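> sequence first, then the predicted structure, then my questions.
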Amino acid sequence: MKFNLLAIIVLFISVLSFTSCTEDDEPKTLAAGEVSIEFDHVFGSNQLPFTLNTEFTHPRLSEKMTFSMFRYYVSNVRLKKRDGTWYSVPESYYIVDLGVNDGTHLHLENIPGGEYTDIEMMFGVDSLRNVSGAQTGALDPAKGMFWSWNSGYIMLKTEGTSPSSSDGSFAFHLGGFKGANAVPTVKSYSLGKLVVDGDREAEIHMVANPARLWHEADGLAVRSKTHMPGAVAKQMTGTFYDGIVFDHIHN
Amino acid sequence: MKTYGIIKKTLLFFGLTVFFSCQEDRDTLQMRYPGYFPEPEYTFGNNVLTSEGFVLGKKLFYDPILSKDSTVSCASCHAQEHAFADHGTALSVGIGGKMGSRNSPAIVNAAWQTSFMWDGGINHIEIMSFAPITNEVEMAEDMNHIIQKLSRNEKYKSSFQAVFGKPIIESQQVFYALTQYMAMLISDDSKYDRVKQGKSAYNEEESVGYSLFIQKCVTCHPEPLFTDYSFRNTGIGSKSNDTGRYKITLDDRDVHKFKVPSLRNVALTYPYMHDGSIRNLRSVLDHYSEGIRESDQLDPSLYKNGKPGIFLTEDEKDKLISFLNTLTDFTFTTNPLFAK
């Protein structure tokens, strides 16, 4: 009789723990949905809202700059589930483009329902896709982000005007996927709790700062054009990518 | 539930019909090459090789629609009778009479190439054509504009749909089709090949020339493709200060290095060198024998006994040229499948 009571207590406790487990776990019914990533852009340490065709003064260089184009690749997005496993978004290549409508808003469709704690993304395009021939989508060479004469993606492309430049303009077409000057950089960010469940909003807000291209690099009076892979591309993209931060999420 | 089942079956049936009809419409092609060729670098992969795809690629290759003002086609500078090199001009002329800075290379056995252009800047055959199409002094066109032009043309539109089965034309399909044509430009029926296959024999001059070739030239031009695809400085100097491979690697050791070209059909691809600065084969041999300019980056294989140059007597030059002429493949240069 005493033994039976013990058995009942054990059973009770195990049922209880089982119940509490299911409560902690996400319900299995969460539906697949869209995750969107919005890149907000600010200029300089005083975080001025950044837009094209507006004059900014670079805080470190004290040079005036007006951007007419600002584009960069984001790729290989992965999301970490609450259980520690990763979901890799298939064919995950995007161009953040400040010159087109909704161009700073990445739409990641058909993400499995669930709760996610971290996001990882690559700034730039992985080396494999730089050597794999004709691609489509964001990687289509017709997008103007591929060097014809020296195969490889232009991972960040910005152009504009500046009185500091000797010819009044600047153009930085930065990329490269080989060796020490390889540009692609993987970053991961802790999100707290992002819930994907069907049509429910799941939006990640990132902040990028174009002024950080010149965080360490020479100013436009010294160098106003770069159209190739190399140390300059590595340095400029490196400081820019380092300055891309996670801001907040909307669930 | 039953109705749903029927709909599902019907859909499946239509799906299969479409699938099979696609398959029937397109004749898959196979690359054919002799057993003594190595495996090609490019084996088509996602780009399914079909006779319709090849024909579409050929049409694009000969069509000036790929240039900005519809005056220049790929064939303008890559002529079949010259093994798809230019018509004997040192530097090629693009739109509006603009001159390029390098000699148009032959398109021969391109599927075996590991890189493209004299500096090897292009790493994949599928995107090779992107360079001349967009270059300001060649075809100066924009891929998006080409797609617009092709999409407005009913014949192209239906050809693209038949080959790729997609509702819209994308740059990938243009590149794929051009690649289907260019990768199939296989030259393997020269006298050299026929000797190799036991169907012919060298005459005395050719035979001595072949022996000389094996002694003096195979380091850079190994059989059966007659190039090792490496980059070398051959001591011709550079009038235009074209730094060649250096532009791609930014490595000081690569200054003035250019890709070793294949010697297949070499008698037809004059003039020679990256800048077309040497008019004929005799002068090329004169250069290697007596004309090499020394520089820090001069290829080590061009030194013999501490001196630059591969010395050849006049008689040896005659015989080497006799052998080089056996690399001409008239089956290739007259093949109606490759012609416009």
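Thanks, I have the structure now.
> OK, contacts around the residue of the stretch 101-250 of chain A found nearest chain B?
Minimum separation of the stretch 101-250 of chain A from chain B (C-beta to the nearest C-beta) falls at A:Gly133, amounting to 3.3 Å. Where C-beta positions appear, they are placed from N, C-alpha and C, glycine not excepted. Neighbouring residues of A:Gly133 by C-beta atoms under 8 Å, 6 or more residues apart in numbering or on different chains: B:Gly45, B:Asn47, B:His124, B:Ile125, B:Glu126, B:Ile127, B:Phe175, B:Thr179.
> how about whatever residue of chain B ends up closest to chain A, nearest residue that isn't a chain neighbour?
Here chain B gets closest to chain A at one residue, B:Glu126, 3.3 Å apart by C-beta to the nearest C-beta. Nearest non-adjacent residue to B:Glu126, counting by C-beta to C-beta, 6 or more residues apart in numbering or on different chains: A:Gly133, 3.3 Å away.
> secondary structure element holding that neighbour?
Assigned by DSSP states H and E, A:Gly133 falls within no helix or strand.
> ditto for B:Pro38
Going by DSSP H and E, B:Pro38 is not in any helix or strand.
> these two touch, right, it and B:Trp112?
Yes. In terms of C-beta atoms under 8 Å, B:Pro38 counts as a neighbour of B:Trp112; the distance is 7.0 Å.
> who has more neighbours, these two?
B:Trp112 (21 against 9; other C-beta atoms under 10 Å in any protein chain shown).
> wait, doesn't that one sit right on B:Met31?
No. With contact defined as C-beta under 8 Å, B:Trp112 does not count as touching B:Met31 (10.5 Å).
> so which residues on chain A come close to chain B?
Chain A comes close to chain B at residues A:130-136, A:140-142, A:146, A:148-152, A:228-230, as judged by C-beta under 8 Å from any C-beta of the partner chain.
> which of the residues you listed fall in strands?
A:Phe146, A:Gly152 (DSSP state E).
> report how many residues lie close to the residue lying closest to B:Phe226 once chain neighbours are set aside.
Ranked by C-beta to C-beta, 6+ apart and with sequence neighbours excluded, the top spatial neighbour of B:Phe226 is B:Leu263, at 3.9 Å. Close neighbours of B:Leu263, defined as other C-beta under 10 Å, add up to 23.
> what distance separates the start and the end of stretch B:207-226?
17 Å (C-alpha to C-alpha, to the nearest Å).
> typo on my end, stretch B:125-141
19 Å.
> and stretch B:148-156, by the same measure?
11 Å.
> do stretch A:222-230 as well
For stretch A:222-230, the separation between the terminal residues is 17 Å (C-alpha to C-alpha).
> buried set for it?
A:Ser224, A:Thr226, A:Met228, A:Pro229 (16 or more other C-beta atoms under 10 Å in any protein chain shown).
> just stretch A:150-166 next, same as before
Residues of stretch A:150-166 classed as buried: A:150-162, A:164-165 (neighbour count, 16+ other C-beta under 10 Å).
> again, but for stretch A:40-50
So, applying 16+ other C-beta under 10 Å, buried residues of stretch A:40-50: A:His41, A:Val42, A:Phe43, A:Gly44, A:Leu48, A:Phe50.
> contact partners for the nearest residue to B:Cys220 once chain neighbours are set aside?
Distances taken as C-beta to C-beta, 6+ apart put B:Val260 closest to B:Cys220, at 4.8 Å, once the chain neighbours are dropped. The neighbours of B:Val260, taking C-beta under 8 Å, 6+ apart as the test, are B:Cys220, B:His221, B:Thr227, B:Asp228, B:Tyr229, B:Ser230, B:Phe231, B:Arg232.
> quick one: the strands in chain B?
Using DSSP E, strands in chain B cover B:231-232, B:258-259, B:303-304, B:307-308.
> single out the most deeply packed of those strands.
strand B:258-259 (a mean of 24; mean count of other C-beta atoms under 10 Å in any protein chain shown).
> list the contacts of that one.
B:115, B:117-120, B:227, B:229-234, B:244-245, B:273-274.
> so which of those residues also contact chain A?
Among these, the ones lying near chain A by C-beta under 8 Å from any C-beta are B:Met117.
> just the buried residues out of the contacts of strand B:258-259, in ChimeraX syntax.
The following ChimeraX line selects those of the contacts of strand B:258-259 that are buried, judged by 16+ other C-beta under 10 Å:
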select /B:115,117,118,119,120,227,229,231,232,233,234,244,245,273,274
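> so which of the contacts of strand B:258-259 are in helices?
Among these, no member falls in helices (criterion: DSSP state H).
> between the contacts of strand B:258-259, which is nearest B:Ser171?
Nearest to B:Ser171 among these: B:Met117, at 19.2 Å, using C-beta to C-beta.
> ok, now which ones touch the closest one?
When contacts are counted by C-beta under 8 Å, 6+ apart, B:Met117 touches A:Trp149, B:Arg102, B:Pro105, B:Met128, B:Ala131, B:Lys259.
> per-residue confidence at the first one?
Pointing back at A:Trp149 there. Per-residue pLDDT puts A:Trp149 at 95.
> who touches stretch B:271-291?
B:88-91, B:101-103, B:118, B:234-236, B:238-240, B:242, B:244, B:258, B:266-267, B:270, B:302, B:309-312, B:317, B:320-321, B:324.
> now, of these, which are buried?
For the contacts of stretch B:271-291, buried by 16+ other C-beta under 10 Å: B:89-91, B:102-103, B:118, B:234-236, B:238, B:242, B:244, B:258, B:266-267, B:270, B:302, B:309-310, B:312, B:317, B:320-321, B:324.
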